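Q: got a sequence here, can you build the structure:
(2 chains)
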Amino acid sequence: MKEIFDSIHYFCDEFSEDGNFVTIKTKQLKSLSLYLFRDLDCDLSSVVALRAKDGFNIKYLYSYPKKDYFFIVCQNIQDEFESFADDIPALNWFEREISDLFGIIPLNHPDFRALPLHPENYPIGFHPMQNDKIKDENYGTYEYKDVKSEGVYTVPVGPIHAGVIEPGHFRFAMSGEPILQLEIRHFWKHRGIEKLCEGKEVDEVLNISQKISGDNALSHALSFAMAIEKICDIKVPSFAQYCRVIAAELERISCNLSDFAGVFQDAGYSFGASGITALKEDIMRLMKLLSGNRFFKDFVIIGGVSKNIKPYTKEIIDIIKQVNITFDKYKKIMENSSSILERLETTGKIKKQTVKDLSCVGFTASASGRFSDFRKTHPYLIYSKLDFETLVLSDGDVSARVRVKLNDIKNSFKIIKICTNYISQVDKPKLKVKYEIKDGEEFGYAQSNRGNIVHFVKIEDKKVVRFKPRDPSFMNWQSIQFAVLGDVIGDFPLVNKSLNLSYAGNDL
Amino acid sequence: MSYWVKKGLKTGVVSTRYPKQEETASGITPGLPQITDNINSDDLISVCPTRAIHKTDEKLLLESSLCIHCYRCSRDTKEPLSWSEGFEWASFEKNSTPFSSTFGHSLHICVVDSGDCGACLNETKLLNSPLYNMHRLGFFITPSPRKADVLLVVGAVTQQMKGALLKAYEAMPTPKKVMAVGTCALSGGVFEGGFIAENGVSSILPVDITVPGCPPPPLAILHGLLSLAGRKNIKRGTK
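A: Numbering: from 1, shown residues only, chains lettered A, B, ... in the order given. Got it, this is the predicted structure:
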């Protein structure tokens, strides 16, 4: 790391190290960003804008996958900043989001259209995070990038879909059977969580953070709690850490199973889909037994966990064993059925370069040859003590993503087994510690089934003044525009399901 | 192929027998707190994050439509509340009635997500799973609002989804009913004061039946549908 730090020193004016977070202030912002993103091969993890005394402050968070380090690059600006979206495509949506919410303008942005706030619904001059009066009260329109040519037709879908799906708008440009271009337009469900959380109590924000993406409620709560625990120097008891890992892995199994069922369903294999959904329900009933809630809501609290799961160790072991046996059967069926494999293979290919450019996370990246799992690269809780094998594949198609997820489920079974062994031996379980809220700002992160979640929290006067959650789906949604190219429109549901993207988490 | 048949026969019927028989399996519902008399109320009110537990005329009451099953009232208080396991929570809004018996046996449902977190939608999705299997009762999800009898709305309606939701409602043929599912759809929930259009679906569309819960378990939604079809007698709301 010393060599890397030396070369960063070359660019920077101020440099400070705090644990595994390295904060850098520099005037050569562009060359440093490119050095981190291209030469060091870092992933862009989050971009946070803050109101400062004089103008605004923007923090770019890069995660270094080879060692457990994060780089925070800061810049102070007035009301415009230079856009790097041309060189770092992962910044595209972040910059547009900041521009909508704060009213600061990214100069030379390649695609400067409104993102979270649709101009049809909100006045053009409405920037909620700026606390200024609305300057321009007119409404605008959104211009789609339709392909206009002879024989090319557009298929618009959504925002309301057929079936039980969240809302989002998709525009396919078709030439005969194959898809020429897909343009997605989201943020129909923008609930203004960032604005809503300003000035709220920590407990209230913990409550709201669990409603960012319902099926990842626990991972979001964990990520937020860990940010607060870092700010307030709270040491979580090791029993609680093990409980948190068991809960996180159960949630991962539940989501991955529902995903697996969805792939079966969309590949036209309802026998497998029904069987797997039944398994998912078993896990959800176990979750209810452990925490009282079928989605593990309110299980993680600041400083520990809310319920003792030690009395239910036997139930956890029994149910996991049962689910594991049945799951293996379905896995075998899938691996031996040519009709399913034929449908999954070569469908929805994402190239390694696309994954790198967009800084995709989770299984989407791992299935395209770029490993991404914070449990291994930036271990938190007790994950560094656990031994599990992760899978990296280079195919990048639906089949590869399904295989990565199947491996993930197997890992979770293994981790739960280790952790239940540990907690059954603890004599005096300590669930939580008392704490006092302090002022400060930190990043918290956790790995959900979809990829890593990164939360930024800033506390002043014991109130949350800035909360910027970043859901993994926000990083992964753009990759679907590349995955479907050349496929037929009938494959779209399958590709969409295999990427398992949350609309609510993306829209916030 | 033969394996599927064999596996199917071996597994047998796993669907719940509800509503013919009571469903008693554990873990099907998050339950609701039970308020009994003689309970020291002050710390209960302060611990409840959504003001579901409140005091009216010196009497402690529970507004079930606001409860998010966080268990704080049974965990962080001096006198913890006990919890009930029921799930038959649906209630009709004032002046609304179930479908007349001419239509009441089978319903086609259009599901619109207008800004939920995904949990309510997940539970709605599970109604199609073999454990709940709503097809056996004659309930079907339709791909288009034009074929639907019931508009099932989840989530607090966001500004940006309001237009689409109204269009879906207008596209439905009469007679049509609206069902609001989940705390957010009922009152805005924790997003009250956020970028949601109004507080709850009822200020935008004429809601006929409400199912509280955060999220309501699949059987609670099923109970709401059965009530709407006039196949289950339930209490009447006073709003």
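Q: what's in contact with the helix ranked longest in chain B?
A: Using DSSP state H, we find that the single longest helix of chain B is helix B:159-171. Helix B:159-171 is touched from outside by A:118, A:120-122, A:159-160, A:167, A:187-190, B:110, B:112, B:114-115, B:144-146, B:151, B:153, B:155, B:157, B:176, B:178, B:195-197, B:204-205, with contacts defined as CB atoms under 8 Å, 6 or more residues apart in numbering or on different chains. Bear in mind the C-beta positions are built from the backbone N, C-alpha and C, glycine included.
Q: now the residue nearest the centre of chain B: how far from B:Val181?
A: Nearest to the mean C-alpha position of chain B, counting by CA atoms, centre = their mean, stands B:Val211 at 3.0 Å. Separation of B:Val211 from B:Val181 (CB to CB, to the nearest Å) stands at 5 Å.
Q: can you list the domains in the chain?
A: I went with chain A, as the question did not name one. Annotated domains of chain A cover A:2-107, A:193-507 [automatic domain parsing].
Q: not quite, go with chain B.
A: Split by automatic domain parsing, chain B gives B:33-83, B:91-228.
Q: list the contacts of A:Ala52.
A: A:Asn76.
Q: go again with 10 Å.
A: Residues counted as contacts of A:Ala52 (CB atoms under 10 Å, 6 or more residues apart in numbering or on different chains) are A:Ile58, A:Asn76, A:Ile77.
Q: quick check on it: phi, psi?
A: Main-chain dihedrals, A:Ala52, degrees, to the nearest 10: phi -110, psi 180.
Q: same question, the one 5 residues further on
A: Here is the backbone geometry of A:Asn57 (degrees, to the nearest 10): phi -120, psi 130.
Q: any idea of the pLDDT on it?
A: In this model, A:Asn57 is scored at 88, pLDDT.
Q: so what's the residue count around it?
A: By other CB atoms under 10 Å in any protein chain shown, 15 other residues sit near A:Asn57.
Q: please apply the same query to A:Pro469.
A: Look at A:Pro469: counted by other CB under 10 Å, it has 26 neighbours.
Q: who is it paired with across the strands?
A: A:His455 (DSSP bridges).
Q: the longest strand belonging to chain B packs against which elements?
A: What stands out as the longest strand in chain B, according to DSSP state E, is strand B:107-113. With contacts taken as 3 or more CB pairs under 10 Å, 6 or more residues apart in numbering or on different chains; DSSP states H and E, strand B:107-113 sits against helix B:119-126, strand B:139-141, strand B:150-154, helix B:159-171, strand B:177-181, helix B:218-228.
Q: mean pLDDT for the domains of chain B - can I get that in JSON lines?
A: Formatted as JSON lines, the domains of chain B follow (pLDDT from 0 to 100):
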{"stretch": "domain B:33-83", "mean pLDDT": "77"}
{"stretch": "domain B:91-228", "mean pLDDT": "86"}
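Q: of those domains, which stretch is the most buried?
A: The highest mean neighbour count among the domains of chain B, using mean count of other CB atoms under 10 Å in any protein chain shown, belongs to domain B:91-228: a mean of 22.
Q: so B:Lys176 versus A:Ile276, what's the distance?
A: Taking CB to CB, one finds B:Lys176 at 34 Å from A:Ile276.
Q: repeat for A:Ser306
A: When distance is defined by CB to CB, A:Ser306 is 30 Å away from A:Ile276.
Q: those two: which is more packed in?
A: Higher neighbour count among A:Ser306 and A:Ile276: A:Ile276, with 26 against 19, using other CB under 10 Å.
Q: tell me which helix or strand comes right after the host helix or strand of that one.
A: Taking DSSP states H and E as the criterion, A:Ile276 maps to helix A:270-291. Beyond helix A:270-291 on the C-terminal side, the first helix or strand identified by DSSP H and E is strand A:300-301.
Q: in terms of helices and strands, where is A:Pro493?
A: If you go by DSSP H and E, A:Pro493 is part of helix A:492-499.
Q: avg pLDDT for the following helix or strand past that helix?
A: The helix or strand immediately downstream of helix A:492-499 is helix A:503-507, counting by DSSP H and E. Mean per-residue pLDDT for helix A:503-507: 88.
Q: just checking, what packs against helix A:503-507?
A: Helices and strands touching helix A:503-507, by 3+ CB pairs under 10 Å, 6+ apart, are strand A:463-470, helix A:472-476, helix B:119-126.
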